[in-house]
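Engineer: What would the 3D arrangement of this be:
(chains A and B)
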Amino acid sequence: EPEVTQTPSHQVTQMGQEVILRCVPISNHLYFYWYRQILGQKVEFLVSFYNNEISEKSEIFDDQFSVERPDGSNFTLKIRSTKLEDSAMYFCASCQDRAFYNEQFFGPGTRLTVL
Amino acid sequence: AQKITQTQPGMFVQEKEAVTLDCTYDTSDQSYGLFWYKQPSSGEMIFLIYQGSYDEQNATEGRYSLNFQKARKSANLVISASQLGDSAMYFCAMRANNAGNMLTFGGGTRLMVKP
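Structural biologist: Residues are numbered from 1 along each chain as shown, chains lettered A, B, ... in the order given. Coordinates of the predicted model:
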């Protein structure tokens, strides 16, 4: 069964450093998402991406964040200058289309620890 | 704006018993989907069950069923014959047709199954 993959599974970085989290969505999916879950809290939407551009973003997704689909398979989330409060689990998800009834398939997550 | 409320931060259930996890939602949209995800201690998000706003019958998937009461705006998850492996966080989420294509999550319920 096709699945969303994410690398790395765990990333430790120093405050102020740049990090890139990588995702490979399911191959025939058109919509891609990043979500964040701070430890012990609920999952929060960051950004959605379609047709090589951002379609929606939350207030969390400020200028420190960017997303890119550099080739036909990878979907990346970059945090330019990490802060302590960026420590969280980051989930990538993909979906065939934007219909409300379609399931979003989640990757296993990347746990980001900012020291 | 959409909102999902899960009022039970933690619940215990005896193995082999049934348990109901509560979820209420708020949206002005007529077309929406409700999703339940399981998050074990390993961290991944596992899709369990889906209910559409126009579905007349309650959704079922194996031991999982959804008690959908549209007028009350509730979508409670029922797990029958609980197993030790059901111990996890459970998240209710919603995706509305006219409110972007992101998922909005509740705060989650931690279920602990006692042997």
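
Engineer: What does the pLDDT read for residue 109?
Structural biologist: Defaulting to chain A. Residue A:109 is assigned 96 on the pLDDT scale.

Engineer: other chain: chain B
Structural biologist: 97.

Engineer: I'd say it and residue B:11 touch.
Structural biologist: Yes. Under the criterion of C-beta atoms under 8 Å, residue B:109 makes contact with residue B:11 at 6.0 Å. C-betas here are computed from N, CA, C, even on glycine.

Engineer: shared neighbours of these two, which are they?
Structural biologist: Common neighbours of residue B:109 and residue B:11, using C-beta atoms under 8 Å, 6 or more residues apart in numbering or on different chains, are residue B:21.

Engineer: Of these two, give the one with the bigger neighbour count.
Structural biologist: Between residue B:109 and residue B:11, counting by other C-beta atoms under 10 Å in any protein chain shown, residue B:109 is the more crowded of the two (21 against 15).

Engineer: so how far is chain A from the more buried one?
Structural biologist: 11 Å (C-beta to the nearest C-beta, to the nearest Å).

Engineer: What residues does that residue make contact with?
Structural biologist: Counting by C-beta under 8 Å, 6+ apart, residue B:109 has contacts B:6, B:8, B:9, B:10, B:11, B:21, B:22, B:89, B:90.

Engineer: Try it again at 6 Å.
Structural biologist: Counting by C-beta atoms under 6 Å, 6 or more residues apart in numbering or on different chains, residue B:109 makes contact with B:6, B:8, B:11, B:21, B:90.

Engineer: again, but for residue B:101
Structural biologist: Counting by C-beta under 6 Å, 6+ apart, residue B:101 touches A:48, A:98.

Engineer: Quick one: classify residue A:101 as helix, strand or coil.
Structural biologist: When classified by DSSP: H, G, I helix; E, B strand; the rest coil, residue A:101 comes out as coil.

Engineer: got any ranges where chain A has weak pLDDT?
Structural biologist: Scanning chain A for pLDDT under 70 picks out nothing.

Engineer: Please, where are all the strands along it?
Structural biologist: Secondary structure of chain A (DSSP state E): strands at A:5-7, A:10-13, A:19-24, A:31-37, A:43-50, A:53-57, A:65-68, A:75-79, A:88-95, A:105-106, A:110-114.
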